[in-house]
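Trainee: using only what follows, build the 3D model:
(one chain, ligands or ions: 2)
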Amino acid sequence: MSNLELFDDEWARREQLAPGAMLLRGFALPHEVELLAALPELIARAPFRHMPTPGGRRMSVAMSNCGRYGWVSDRQGYRYASAAPLSGQPWPAMPAVFRRLAVAAAASAGFPGFEPDACLINRYLPGARMGLHQDKDERDLAAPIVSVSLGLPAVFLFGGLRRGDRPARILLEHGDALVWGGPARLCYHGVAPVKKGQHPRLGEQRINLTFRKAR
Ligand code: MD3
Ligand code: FE
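Mentor: Ligands and ions are numbered 1, 2, ... in the order given. Have a look, this model is predicted:
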């Protein structure tokens, strides 16, 4: 099968949240078995960690990375690094199915030629949340960011270009992909505390994959 057929997404439900922000509901569902099968080895090689913030707090979201670069946080600040801070080991390679999915989602939302070199893997157990922030540690802000939600649903907070803009609330479910580019690239966003629940494939957790061009 060609990549075109593998990632044929004509059926995916699309919603433009704002100019440059496209929600592709169910985009990852045809690949869920392959995506989920790749996770245990990635996490065995680069275990989830609650990283400290520059302010010294512990993030409620546990994180890992795959790809050439990984997003890390510590007392020094936020940055992309080619090795995991505790082990000093390079991040595991980005699985081909991850990359193809991200590239296809970006292209489908109007950003052809996306070249992700970093995939942040966020794990939310019930109660975990992410405060409103911008993603601006990437060198090339012309490249979009693609995110894929798996497991328990979560309310995504989607704000504007100013921290004070009241965010819209959007329920993200297993298999949904989001593409952020152009005028939406620097929008504030976050995740409300994840509610307790059981997902048939992932149990009591939400996993979010976020693909970036870091360098
Ligand atoms: C809007 N993750 O890792 S994904 C992050 O669900 C992050 O784990 C959230 O925000 C999560 O930085 C949200 C959706 C998302 C990702 C990147 C964006 C929305 C974005 C970049 C710019 C604007
Ligand atoms: Fe973010």
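Trainee: give the next helix or strand downstream of the lowest-mean-pLDDT helix or strand in the chain.
Mentor: Here the helix or strand of the chain ranked lowest by mean pLDDT, DSSP states H and E is helix 3-6, holding a mean of 44. The helix or strand immediately downstream of helix 3-6 is strand 13-18, counting by DSSP states H and E.
Trainee: where do the strands sit along the protein?
Mentor: Counting by DSSP state E, one finds strands in the chain at the ranges 13-18, 21-25, 62-66, 70-74, 77-81, 118-124, 130-133, 145-151, 154-158, 168-172, 177-180, 189-191, 206-212.
Trainee: please list the residues outside the third one that contact it.
Mentor: Contacts of strand 62-66 from elsewhere in the structure, counted by CB atoms under 8 Å, 6 or more residues apart in numbering, are 42-43, 46-51, 70-72, 84, 91-95, 98, 118-123, 125, 128. Every residue, glycine included, has its C-beta placed from N, CA and C.
Trainee: cool, the second one as well?
Mentor: Strand 21-25 is contacted by residues 9, 12-17, 105, 108-110, 158, 170, 173, 175-180, 184, 187 when judged by CB under 8 Å, 6+ apart.
Trainee: give the buried residues for it.
Mentor: 21-25 (16 or more other CB atoms under 10 Å).
Trainee: from those, which is closest to ligand 1?
Mentor: Ala21 (6.9 Å; CB to the nearest ligand atom).
Trainee: can you pull up the bridge partners for the closest one?
Mentor: Counting by DSSP bridges, Ala21 is bridged to Ala18, Trp180.
Trainee: His133 now?
Mentor: Here His133, judged by DSSP bridges, has bridge partners His189.
Trainee: who's in contact with it?
Mentor: Counting by CB under 8 Å, 6+ apart, the residues that His133 touches are 188-190.
Trainee: wait, isn't Gly56 in contact with Ser73?
Mentor: No: Gly56 is beyond contact range of Ser73, at 10.9 Å (criterion: CB atoms under 8 Å).
Trainee: which of the two has more neighbours?
Mentor: Neighbours of Gly56 and Ser73, each counted by other CB atoms under 10 Å, are more numerous for Ser73; the result is 18 against 8.
Trainee: how deep is the closest residue to Leu132 other than its chain neighbours tucked in, by neighbour count?
Mentor: Leaving aside its chain neighbours, Leu132 sits nearest to Gly190 (4.2 Å; criterion: CB to CB, 6 or more residues apart in numbering). Gly190: 15 surrounding residues under other CB under 10 Å.
Trainee: if anything else comes up later, I'll come back, but that's it for now.
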